[in-house]
Structure formats: C-alpha cells, structure tokens
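**Student:** take this sequence and fold it.
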Amino acid sequence: MLFEDEMSKRLLEKEVSPNPFFARKNVFSLDGEWRVTFSKTNQPSQIYSQKIRVPFSVETAASLLSKNLQGKEFFLCYRKEVLSPKEFIGNPALLHFLAVDQVADIYWDGIKIGHHEGGYEPFSVYIPALGRRNILEVIVQDDVTSPRYVHGKQSKNPNMIRYQETSGIYQSVYIERLPNGPYIKELHVLPSYETRSLSLFLEVEGELEQDDVQKVECFFEGRKVGESALGEGYFATLDLHYDFYPWSPSSPSYYTLKITCGTDEVETCFIFRKIAMKEIGGNPILFFNDSPTYFSLLLDQGYHEKEGLTSRKETILQDLIFAKRAGFCGVRLHQKVEQPLYYYYAMLLGLIVMQDIPAGGDKYSPLWVGPLGLFGFDTSDVANARLGRKEASGRAYFEKEMTSILNSIHHYGVILIVSLFNEGWGQFDTLRLTHKAERFLNNCLIESASGWFDKKSGDIKSYHHYFYYPSLKKESHRLLAETEFGGVSYFSWGSPLYRIAFSKSSFIRQFQKVYQKMEHYIERYGLCMSVYTQLADVEREKNGLLDEKREICRLPIETIKDCNESLYHAYERYVRKLGAGND
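**Tutor:** The predicted structure is shown next:
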C-alpha cells in the first residue's frame, strides 16, 4: 500500500460486514471461484465451461477471463455450488448482491427466485431454507449501448473519458442467515443535528409476539448512551443531548446501534452532521455544522487497473487515506455508486462524499455536451436528442433507477451532496427530478446540473474549467462551486490534454497555478467548493495525482496539502470580510 500507516493496517485487519450499515452476525461470502459460460438463451446452461473470480466483471484481468460480452443477444450464465456452514442449514436466509450489471435472473436449485434490473444498486433474494448443498445460478444480460439503462462512463468503444464496460457480477455476493420467525426487512435511521436526537423506524417481515423483545440500543465508543423500546409501527426516538458528538473531517465521531426485534438482531452506524446554505449580505455561504466551511474535494472515478469498477477493501482504504493525507476534506464519487464499505471507511477517516447519479441515455451530441456546453451555450432539457433523451422508456427507467439508488444510499451520513446530471449526459426534466430527489435525502445539498446546462434548480451553481478560467456569475440564492477543475498531466497520446506538464517541476507549477485560480474565485466570487480532477489515472485518461497502479504520486504530498490549505484559509478570509462567523 502506497500510503500505509497504523490506522490502515488496523482497518485492514479488522473483520467487517459487507454492509456495516445493515449487518447481522451470521454471514458467509460467496466471493471466489464460480463457473461461467456465454449463452444465447436466458436460461441456466447445461455446461459451465470456464472459471471466473467473483466479484470481478468478465472484462477484467482479475476475473481470469478478460473477455468482452458480445452484445445484447448474449447472456452471462454463472453457477456456484453453495456449501452452507452447519449453523446455517435449515434456516431462512437472504442472498445479497451488492451490484450486478445490468439485468439478472436468479435461480436456486433450478427454480427462478428473483429478477433485478439496474447495475448500480444492491438487491437481495429471500431463501426459505438453506440446505447443506445448493446450486445458485445467475443469468445476466448487459447492453451498454441501450438507451434504457444507466451506464455511467462505461462504453463499448472506450476513449479519452469513456472506459471499458462492466458486465455481470462486479460487487460482493453473500448470504445472511435469518431467524426462524419475523425479521427486520428495512431500517430507516434519521439523525437530527438540530434536536440532537435520533428517530428510527423499521419494516418487519412477519408478526411479532407481544412478549418479544423490541428495543434499540445506542453506543458511542463502546459505551451505551441510549436505549428505547420500539413503539407502535416499530418506531423509536433517542434523545442524545447529553452525548452529542458531531461528525466532521477533523473529528470523525460516529455511533453504533443494535436493534433487537424478537430473535433478530441488526447493527448499524450513524453520524450527526449538518449542511446548509446561508446568505450573508446577499452572499451565499456554505455552512457545515453551523460553521462557514470550504469543501476541497478530489474526484474519484472508482476504476482500477486490473479490477475495473470493482474496488477491493485495500484499494478503497489506500485511495481514501491518500485523499485525507493530501489535505482534501472529501471525494466526489464520479459516475459510480460504491459498495457500502467505501462510505463506511469514509465515515471512519473523516471524508465527505459527493455522490453522482450515474448517467444514462442514448448517444449524446459530442458538440453539445462538449464545446458548446463548456462555452456557455444552453439547450432544452425536455426530451432532447442532443442530450440522449429522445426515448420515453429511457427517461422513465432513469427516474426509476435514480429512486432506487437514492433509497440505497440515503442512510450514508457522509454523503452531503448529490449530483444528478453531469455535463448534460442524459439530462432531462432537471427541476422536477431535483424536487423528487429532495424527498429521499436527509439534509443533503443537490447539484442538479454539474458543469453546464444549468436550469436554475438545486442548491449549487456549478462550473467545470480545465483549459481556461473565465469570470463566474455569482448568485444570491445558490452556492458557487467549481465541481471539476485541474486535470494536470504529462503528455500522453490518447489522453485528454487539459493542462500539460513536461517535467516534475512543470507539473508542480501547473498544479499550483490552477489552485491559485480557485483562490482567486474564492476572493472575487465567494466560491465555496472545488473538485480537483483526479485521484488516479484511468485507462487512457492520464491526469491522476496517482498512476493507475497506485504506485507513483506525481508531486510531493505536502505540496498538495499546502494548496488545499490555501483554499481553506482563503475562504476564512472571505467570510471574515463579510462579517460572518459561527452562529
């Protein structure tokens, strides 16, 4: 590990649930060797001719295959012999898939038990009783060219900013034992910074007996700080006035909960934090935990050289620890939804997450989503073919998947900003979808349109600049943010040439220069957030602070940290000049 320290060693060694935000004790992983075959039918195969390592997509070297799925007429057929531990046999269970791209049918001992569409959110299937030996088969269809499905930056024809497609299972698969009786199906945790309290309600499958234990216990650093019985509708409130420890990048305090419902027990974790925009003399100021705060974030594409879109535990930690040590207060997770461990480690390390909703749609007009958008031209967001949104079915499906993604991430307290559309890719009905997204989020800001094609909605007026840094348009009711900038790189054929350096000293000067532009934007316009592109190289895009292998940092980490500190100090001066301070 490039930036290994005692904390990273401790976190690597610690056993943790695949989903620390909804964890039962009795879990076993199905990751590892499976069998797979390519088929022209969407039925389980008679012959599974090849080995594959799950959870890596077939296109990656880590899967042992490095093969491309030929097209929508082909299916990936997986098979796994499941040998259950003794204590699981005879019990009901949930079979969890953290991500499968795109359409999956699930068979258990030859019987179809589940169907799922969408490659960026987890799903689970109920199994009535585990045997000693069962056969799991998963049939997957993936068509990255379809205008119906969300695909992020995946492409059949990778280029400068489009990457290798991801097909099939690409995040962990595991089985979670359930009790023989009622069990907790859904968990909704709503912390309130303002009232210093926690509201919680459950969805329970089955009927509990009157004398069954129904309670929630809250712990901070191993010490019990609250307890409550579950009331009618499986609802509880905990008053934590006397044990209130807000989370922040400088003090990443978090709580754990143990919920008992009959014989079922689930653990989760949560944080207290608050984000808001306040106007000071007509100037919008970003407040975090009631203090004016600048956000300097690092753009993370979430791709890896041999694993593609799959992030190993150690690479998640390495990337996040690098961002932290380099002085960033958070990351922008770009066109990808990560596994729960990513958000869990961000919470432990003290890193804010800005979460993109991955893009969908048909082919975009390169002219409109590129140069014309960059130079300030506008276009309609109503069923616009220029933005890949002519098809009604694609628009309807994006809305459905956006809802599913928001449902799956709403309890990750480190997500403070959600970005709906990036540079016009598949953009439509921006204002309506912004209002819809707001209903799923607990105290988050929304960036409706990242970069260009702004429709005066959401909490953030966003700019992207790489080649030049013009004047900005200040607004009184929305925060001003540069949600992509930088992209300094050494010259490389096929890579986007944002800002070119020909030596290490030239790289450092170019890097410092773009940061000075951000400092100017803070002093002149009140810029409150910036996102540097990017953490690491991805395929042909060679503008990372780290190389794709995560073996080389292209400039001294102290230089990066100093540049980030200069932005924090500049915002402090700007706020002082306005006369704003802590509430």
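**Student:** number of nearby residues for Ala383?
**Tutor:** Number of residues near Ala383 (other C-beta atoms under 10 Å) recorded here: 13. (C-beta placed from N, C-alpha, C; glycine too.)
**Student:** and if you look at Leu64?
**Tutor:** Other residues lying near Leu64 total 15 when counted by other C-beta under 10 Å.
**Student:** ok, it - contacts?
**Tutor:** Neighbouring residues of Leu64 by C-beta atoms under 8 Å, 6 or more residues apart in numbering: Lys51, Ile52, Arg53.
**Student:** PyMOL command for the buried members of those?
**Tutor:** Of the contacts of Leu64, the buried ones can be selected in PyMOL as follows, counting by 16 or more other C-beta atoms under 10 Å:
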select buried, resi 52+53
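**Student:** any chance of the contacts of Leu64 in TSV, with distance to Arg554 and pLDDT too?
**Tutor:** TSV is the format used below for these (distance: C-beta to C-beta, whole Å; pLDDT from 0 to 100):
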residue	distance to Arg554	pLDDT
Lys51	37	96
Ile52	34	97
Arg53	31	97
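**Student:** out of the contacts of Leu64, which are inside strands?
**Tutor:** Within the contacts of Leu64, residues falling in strands by DSSP state E are Lys51, Ile52, Arg53.
**Student:** measure Gly152 to Tyr174 for me?
**Tutor:** Noted for Gly152: a distance of 24 Å to Tyr174, by C-beta to C-beta, to the nearest Å.
**Student:** show me which of those two is the more surrounded one.
**Tutor:** Gly152 (27 against 20).
**Student:** quick check: that one touching Gln102?
**Tutor:** No. Contact criterion C-beta atoms under 8 Å: Gly152 and Gln102 do not qualify, at 11.3 Å.
**Student:** contacts only, for Trp34.
**Tutor:** Trp34 makes contact with Lys51, Ile52, Arg53, Val54, Tyr78, Arg79, Lys80, according to C-beta under 8 Å, 6+ apart.
**Student:** can you tell me which of the residues you listed lies closest to Ser419?
**Tutor:** Set against Ser419, the nearest of those by C-beta to C-beta is Val54 (29.9 Å).
**Student:** so Asp319 is in which element?
**Tutor:** Asp319 belongs to helix 313-325 when elements are defined using DSSP states H and E.
**Student:** strands paired with the helix or strand that comes right after that helix, and their directions?
**Tutor:** Counting by DSSP H and E, the next helix or strand C-terminal to helix 313-325 is strand 330-333. Partners of strand 330-333 in the sheet, by DSSP bridges, are strand 295-300 (parallel), strand 352-356 (parallel).
**Student:** can you redo these as a markdown table with distance to Arg509, mean pLDDT and mean neighbour count?
**Tutor:** Output for these, formatted as a markdown table (distance: least, C-beta to C-beta, whole Å; pLDDT from 0 to 100; neighbours: other C-beta atoms under 10 Å):
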| stretch | distance to Arg509 | mean pLDDT | mean neighbour count |
| --- | --- | --- | --- |
| strand 295-300 | 19 | 98 | 26 |
| strand 352-356 | 28 | 98 | 25 |
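**Student:** turn those into TSV, including distance to Asn384.
**Tutor:** Output for the strands paired with strand 330-333, formatted as TSV (distance: least, C-beta to C-beta, whole Å):
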stretch	distance to Asn384
strand 295-300	26
strand 352-356	20
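**Student:** tell me which of these sits nearest to Asn159.
**Tutor:** Closest to Asn159 of those is strand 295-300 (C-beta to C-beta; 18.2 Å).
**Student:** run a quick neighbour tally on Phe421.
**Tutor:** Neighbours of Phe421 under the rule other C-beta under 10 Å: 28.
**Student:** which helix or which strand is home to it?
**Tutor:** For Phe421, the element it lies in under DSSP H and E is strand 415-422.
**Student:** so which elements touch that strand?
**Tutor:** Here strand 415-422 touches strand 352-356, helix 392-409, helix 430-438, strand 445-450, going by 3 or more C-beta pairs under 8 Å, 6 or more residues apart in numbering; DSSP states H and E.
**Student:** C-terminal to the shortest one, what's the next element?
**Tutor:** Once strand 352-356 ends, the next helix or strand along the chain (criterion: DSSP H and E) is helix 366-367.
**Student:** now do that following helix, average pLDDT.
**Tutor:** Throughout helix 366-367, pLDDT has a mean value of 92.
**Student:** one step back: which residues sit against the strand holding Phe421?
**Tutor:** The contact list for strand 415-422 (C-beta under 8 Å, 6+ apart) reads 273, 275, 288, 330, 332, 334-335, 343, 352-357, 359, 402, 406, 409, 427, 430, 433-434, 437, 441, 444-451, 453, 458, 460, 483.
**Student:** ok, the spatially most central residue of the chain - contacts?
**Tutor:** The structure's the chain has its C-alpha centroid closest to Val337; by C-alpha atoms, centre = their mean the separation is 3.6 Å. By C-beta under 8 Å, 6+ apart, Val337 lies in contact with Ala99, Tyr120, Glu121, Gln355, Pro358, Ile405, Ser408, Ile409.
**Student:** give me the pLDDT for it.
**Tutor:** So Val337 comes in at 97 (pLDDT).
**Student:** any idea which element it lies in?
**Tutor:** Taking DSSP H and E as the definition, Val337 sits outside all helices and strands.
**Student:** that older thread, quick one: buried residues of the helix holding Asp319?
**Tutor:** So helix 313-325, judged by 16+ other C-beta under 10 Å, has buried residues Thr315, Ile316, Leu317, Gln318, Asp319, Leu320, Ile321, Phe322, Ala323, Lys324, Arg325.
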